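K.L.:
Requesting a structural model of the entry that follows:
(2 chains)
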Amino acid sequence: MRHVLSVIVENRPGVLTRVAGLFSRRGFNIDSIAVGEIEDKDLSRMTILVEGDEKVIEQVIKQLNKLIDVVKISNLTNESTVNRELVLIKVKAEPSMRAELQQLVETFRAKIVDVSLDSIIVEVTGDEEKIKAFELLLKHFGIQELVRTGKIAMMRGVKFIKMNGEGGKSG
Amino acid sequence: MKIKGAMMVVEALKRENVDVVFGYPGGAVLPLYDALYDADITHIMPRHEQGGIHAADGYSRATGKAGVCIATSGPGATNLVTGIANAYMDSVPIVALTGQVPANLIGTDAFQEADITGITLPITKHNYLVKETRDIPQILKEAFYVATTGRPGPVLVDIPRDVLAQEADFKYPEKVDLRSYKPTYTGHGGQINRAVRVIKEAKRPVICAGGGVVSSGAQEELIKLAEIGQIPVTNTLMGLGSFPGGHPLFLGMLGMHGTVYANYAVTEADLIIAIGMRFDDRVTGRVDSFAPHAKIIHIDIDPAEIGKNVEVDVPIVGDVRRVLEQMLKKLKKGETEEWVEQIGRWKKEYPLTYSFSQEELKPQHIIQEICKITDGEAIITTDVGQHQMWTAQYFKFKRSRSLISSGGLGTMGYGFPAAIGAQVGCPQEKVFCIAGDGSIQMNSQEIATAVCNKLPIKVAIINNQFLGMVRQWQELFFQRRYSSTCLEGSPDFVKLAEAYGAAGIRVTKPQEVVPALEKAMEINDRPVFIDFQVVPEENVFPMVPPASPINKILGGGTK
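P.N.:
Below is the predicted model of the structure:
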C-alpha cells in the first residue's frame, strides 16, 4: 500500500541526504518526494510517498524520527487531504490538432504555458487520477517530455499539523 | 572575548568534563594540537586512528562517560570509520573530532580531503560540518548532549582547518534544547500497569537483559525485579555483567553460543521480559520460532527497536532504569517455583562443559583461571571470535561494565585498544584483554601506546593458530575445507611484546597457566602478553546453527 508522509525537517544543508540515505540503507522505497520551505523559514516540509505494509511504515516513521534534523512526522495516508501535483508536459501539436488540444486543456483546467511551431507545453495541477487521465489522453497527440514535482498534501478542514502538538517527536 | 576555534574546542572539552582524549595529529588538526599542547587534558596518542577510537570506546564503556577521539582530515578520518560503526552498533557515546581541509578547498579534492560527514552519515547518531568558528561552542554542546542522552551513540564533528584557526566570541551554552530531539525517559503509566499484570499472570517468565541495562545503570533494579518476581535472567552478550554470574536465577547468555538452559527457558517461556536489548539474529536464531509460547514485554529507550524484529505485546519506551523503578513500585512477589525447578533440572542435565585435559591446553580452562585469579572483578575486554564466546560462557561477571566487547559489529582488533581506554579510565582496576591470535594482529601496533603510558594491561592471547571461529564454521558447514583460516607466519608473541618493551610469557601446558597469570598480576608498570598456545581445533559449544530455532543445539542436547 502507498502511504503519504509529511515530514517537517530543519531547513539545513544535508537534510535531504540524511532522509534519502535512510530510505535506501533500510531498504525502503520512495515513490516520490517533494521538498520546500514552509511558513517558518527555518523549517522545510517533505511530502514523501512510500510503498509498504503497516509494519514497514511504522519502521519508516520510527527510523525517520531518530534523525536529529527531523522535527515532526505526520502520516496523512488515512486523513482527508487535498493532494496536488504539478506536471509540465510537452506535447506535439501540429496546427491541425491545436483546437482539439485546446479543448482538452480547458476541460482539465490545465494551462498552455508555451507555444512553438509544432509543440506546446501544458501545465496541469491536480490529484493523481486527474493527472493520470490527462496524461493518457495527451499520449494520443505524442508526449515529447514530461516533468512532475511529486505530490504534496495537506489535511482538509480545521485540522493542521501543529508543531508542538500531539504526534511530536519522542525518543 | 575572542579566542581561536581550536581554543574553543579545548574549552568545550573542559566544560564537558573531558579529562582524556585519544587522538592522532595531522595537517588539518595542527591548530587544535597547538591548543592541546598546554591544555589540562590528558592526550593519549595511539599508533593508528582505529586504535584511538576503539580506546575512546573502551574508555566510555568502562567509565560510563563519553569517549573523545581526534583525527586529522582524509585518511585520519576514514581510519575512524570502523570504530564509529562499532560504537554505533553497540550504542556507545563517542564524540569524534576530525579536522577538515580549509573551508574554501572543500569539494576540490584537496590534499587529504574526504567527505567524512557523508561517509559516516549511516553510522553516526548525528554529525556536523562546522562552517563558522562562532558555531563551535553550540555544536560541541549539542554533540555531547546527543551522544550521551537517549540511546547513546557516536557523534562526529568535522572542523575545517581555517575554522580552527580563526577567532570568534566564545560563549558556551548552559543547556541544549533541540526541538527535534526529545528522548522519552519515563515509561507510560498504563503500559507499566499492563506489564506488571502480565508478569503476575505468567507461570514461566524469563528476563532477557541487554546492553541497555548497563548503559542506564540499572543493575540493582534488574536484580530486584528478578528476585521479587522470582524470574530467571538471561543476558545478551552486551548485557553480561548486568546480573551477577553466580546468582541462582542466572541462566548465562542466550542465543547462538548461549547455554542450553537459557535457550530452552526462552523457548518454553510464557513471558519474555526484554530489557534494553534488540532481538539481534545472534540472539533469536530463526525469528519465527523464537519464544513461540511467550508474550513479550519490551522495554527500550529507542522506539524504533520495538517491533523491529519481533512482535511485542507490551511495548514500553523509556530509560530502562526509570521504567524498572516504576515497575518495582507495583510488582508483587512472584510464584514461579515449578518453573525455576524445571530450569534447575536443565542446568543439571545440560551444563556448560568441555573436556579438560592434563596434557593439552584448553582455552576454556584459561578463561576459568583468569576468572578465579581476578575473583571475577577485573575489567575484561575481548576481541571477536571463539575466545570472545568462551569468555562470555566461562567468565562469571559480577558487575556492569566489566565486560567490554564488540557485540553488534563484531570488530576484530577491538579488544586491545579498548583495554587501553579502559585502563586509562580506570587506573585502579585490573584490566585483562582476552584476544585471539588473529585479532591481536589487527591492532598490535598499540602495544607501543600501552608501553608508553605504562599501562599494566594483561593480554591473554588464545593462540590456536587459526581464525578459530571461521575455521569452526568451515569444519561444521563447509566440509572442513579450511580456506584461508590457518594463521601461518604469526610472530613469536613473546618476542613481539618484548620488542616493544612489554613483558611476554609463553604457556604451553595446563600446569603453567596459574603461575603465568600470577606472574602477570605482579607486573604493574607495563603490559604483559601471555601467549597461550592452546589446542588448535577446539570448538565453541553449545552452538545453534545460523537461522535455526534456538532450541536446536549442536554439542548440547536438542529438544
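
K.L.:
Helix, strand, or coil at the residue in chain B positioned nearest to chain A?
P.N.:
Nearest residue of chain B to chain A (C-beta to the nearest C-beta) works out as B:Ala304 at 3.7 Å. In short, each C-beta sits where N, CA and C put it, glycine included. Secondary structure for B:Ala304, judged by DSSP: H, G, I helix; E, B strand; the rest coil, is helix.

K.L.:
B:Ala419: what's its closest spatial neighbour, skipping adjacent residues?
P.N.:
Take B:Ala419 and drop its neighbours on the chain: the residue closest to it by C-beta to C-beta, 6 or more residues apart in numbering or on different chains is B:Cys433, 3.9 Å away.

K.L.:
quick one: the one you found and B:Val459 touch, right?
P.N.:
Yes - with contact defined as C-beta atoms under 8 Å, B:Cys433 counts as touching B:Val459 (4.6 Å).

K.L.:
re the thing from before, which residues touch the residue nearest to B:Ala419?
P.N.:
B:380-383, B:415-416, B:418-419, B:457-460 (C-beta atoms under 8 Å, 6 or more residues apart in numbering or on different chains).

K.L.:
Give the bridge partners for it, please.
P.N.:
Counting by DSSP bridges, B:Cys433 forms beta bridges with B:Thr381, B:Val459.

K.L.:
Name the residues of the stretch 151-300 of chain B found near chain A, please.
P.N.:
Within the stretch 151-300 of chain B, the positions near chain A by C-beta under 8 Å from any C-beta of the partner chain are B:151, B:178-184.

K.L.:
go again using 10 Å as the cut-off
P.N.:
Contact residues (C-beta under 10 Å from any C-beta of the partner chain) of the stretch 151-300 of chain B with chain A: B:151, B:153, B:155, B:178-185, B:300.

K.L.:
Filter those down to the buried ones.
P.N.:
Buried subset of these (neighbour count, 16 or more other C-beta atoms under 10 Å in any protein chain shown): B:151, B:153, B:155, B:178, B:180-181, B:183-185, B:300.

K.L.:
List phi and psi for B:His247.
P.N.:
For B:His247, the backbone dihedrals are phi -70, psi 140 (criterion: degrees, to the nearest 10).

K.L.:
thinking again about what came up before, let me know the closest of the buried ones among the residues of the stretch 151-300 of chain B next to chain A to B:Gln100.
P.N.:
B:Val155 (15.6 Å; C-beta to C-beta).

K.L.:
give me the beta-bridge partners of that closest one?
P.N.:
B:Val95, B:His126.

K.L.:
still on that earlier bit, and the two most separated of the residues of the stretch 151-300 of chain B next to chain A?
P.N.:
B:Arg179 and B:Asp300 (23.2 Å).

K.L.:
So B:Gly258 lies in a helix, does it not?
P.N.:
No - assigned with three-state DSSP, B:Gly258 falls outside any helix and is coil.

K.L.:
Could you find the closest non-adjacent residue to it?
P.N.:
B:Gly258 sits nearest to B:Gly252 (C-beta to C-beta, 6+ apart), 6.6 Å away.

K.L.:
Next, count neighbours for that neighbour.
P.N.:
23 (other C-beta atoms under 10 Å in any protein chain shown).

K.L.:
One more: B:Gln230?
P.N.:
B:Gln230: 15 neighbours (other C-beta under 10 Å).

K.L.:
Hmm, it is touching B:Ile343, no?
P.N.:
No - using C-beta atoms under 10 Å, B:Gln230 is not in contact with B:Ile343, being 11.2 Å away.

K.L.:
Show me the longest strand that occurs in chain A.
P.N.:
Secondary structure of chain A read by DSSP state E shows that its longest strand is strand A:81-92.

K.L.:
just to revisit the earlier point, of the buried ones among the residues of the stretch 151-300 of chain B next to chain A, which one scores lowest on pLDDT?
P.N.:
Ranked by pLDDT, those bottom out at B:Ser180 (89).

K.L.:
any idea which element that residue lies in?
P.N.:
Following DSSP states H and E, there is no helix or strand that holds B:Ser180.

K.L.:
OK, contacts around it?
P.N.:
Residues counted as contacts of B:Ser180 (C-beta atoms under 10 Å, 6 or more residues apart in numbering or on different chains) are A:8-10, A:43, A:65, A:67-72, A:168-169.

K.L.:
element containing the residue lying closest to it once chain neighbours are set aside, please.
P.N.:
Leaving aside its sequence neighbours, B:Ser180 sits nearest to A:Val71 (C-beta to C-beta, 6+ apart; 4.3 Å). Secondary structure assignment for A:Val71, by DSSP H and E: strand A:70-75.

K.L.:
so how far is that strand off the chain centroid?
P.N.:
Offset of strand A:70-75 from its chain centre (C-alpha atoms, centre = their mean, to the nearest Å): 16 Å.

K.L.:
In CSV: the buried ones among the residues of the stretch 151-300 of chain B next to chain A, plus distance to B:Asn309.
P.N.:
Shown next, in CSV, are these (distance: C-beta to C-beta, whole Å):
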residue, distance to B:Asn309
B:Arg151, 16
B:Gly153, 19
B:Val155, 26
B:Leu178, 28
B:Ser180, 26
B:Tyr181, 24
B:Pro183, 21
B:Thr184, 20
B:Tyr185, 23
B:Asp300, 12
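
K.L.:
Among the residues you listed, which are located in strands?
P.N.:
Per DSSP E, these map to strands at B:155, B:300.

K.L.:
now, which of the buried ones among the residues of the stretch 151-300 of chain B next to chain A sits nearest A:Arg84?
P.N.:
B:Ser180 (26.8 Å).

K.L.:
What residues does chain A have near chain B?
P.N.:
A:8-10, A:13-14, A:17-18, A:21-22, A:24-26, A:42-43, A:55, A:58-72, A:163-164, A:168-171.

K.L.:
What ranges in the chain fall below the confidence cut-off?
P.N.:
Let's take chain A. A:164-171 (pLDDT under 70).

K.L.:
please go with chain B instead
P.N.:
Filtered on pLDDT under 70, chain B yields the residue ranges B:556-559.

K.L.:
So which bits of it are right by chain A?
P.N.:
So far as C-beta under 10 Å from any C-beta goes, chain B lies against chain A at B:117-118, B:121-129, B:131, B:142, B:146, B:150-151, B:153, B:155, B:178-185, B:300-308, B:311, B:317-318.

K.L.:
Might you report the residue contacts of the residue of chain A found nearest chain B?
P.N.:
Using C-beta to the nearest C-beta, the closest approach of chain A to chain B is made by A:Lys62 at 3.7 Å. Residues in contact with A:Lys62 (C-beta under 10 Å, 6+ apart) are A:73, A:171, B:302-308.

K.L.:
What residue in chain A is the furthest from its centre?
P.N.:
A:Ser96 (34.4 Å; C-alpha atoms, centre = their mean).

K.L.:
Return the backbone torsion pair for that one.
P.N.:
Dihedral angles (degrees, to the nearest 10) for A:Ser96: phi -70, psi -20.

K.L.:
Go through stretch B:310-318 and flag the buried ones.
P.N.:
Of the residues in stretch B:310-318, B:310, B:312, B:314-318 count as buried by neighbour count, 16+ other C-beta under 10 Å.

K.L.:
whoops, stretch B:543-559 was the one
P.N.:
Buried-residue list, stretch B:543-559, by 16+ other C-beta under 10 Å: B:543-544, B:548-553, B:556.

K.L.:
Fine by me, thanks again.
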